[in-house]
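> Structure here, sequence nowhere to be found:
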């Protein structure tokens, strides 16, 4: 059973930045991703990357503002959030699994989930 532990959430002013971290207990899966869920909204794909691939993919609402990176040696994925907007306010979840490329943005493609970390952007 893979365990994912997120950290780095918090309260920030609009235009500010945060860095989220997700540490995996082991790396026996292909893809690590971030999703977010705002109150009364569906879970939304934010970004994903394969351990073997250096090119991350992003959801349309965060392209150009968020950056996903990873450190394979530490089993850790980082999500740098920049130019934050109030609409970025949500609980951010780390997820792990083996989705095919065309299914990477579906939350149902992931087996393991972290507990989530709250990001609140004040206007």
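Cool, got the structure. These figures come from a predicted structure and were not determined experimentally.

> Report pLDDT for the residue nearest to the spatial centre of the chain.
Most central in the chain under C-alpha atoms, centre = their mean is residue 34, positioned 2.0 Å from the mean C-alpha point. Looking at residue 34, its pLDDT reads 98.

> Ok, residue 21 next?
Reported pLDDT for residue 21: 98.

> State the next helix or strand along the chain beyond the helix or strand harbouring it.
Residue 21 is located in strand 18-24, with elements delineated by DSSP states H and E. Next helix or strand after strand 18-24 toward the C-terminus (DSSP H and E): strand 31-37.

> can you pull the buried residues of the helix or strand just after that next one?
Going down the chain from strand 31-37, the next helix or strand is strand 44-50, by DSSP H and E. Neighbour-count burial for strand 44-50, counted by 16 or more other C-beta atoms under 10 Å, picks out 44, 45, 46, 47, 48, 49, 50. Just so you know, the C-beta spots here come from the backbone N, C-alpha and C atoms, and that holds for glycine as well.

> okay, now residue 108: neighbour count?
Residue 108 has 8 neighbours, counted by other C-beta atoms under 10 Å.
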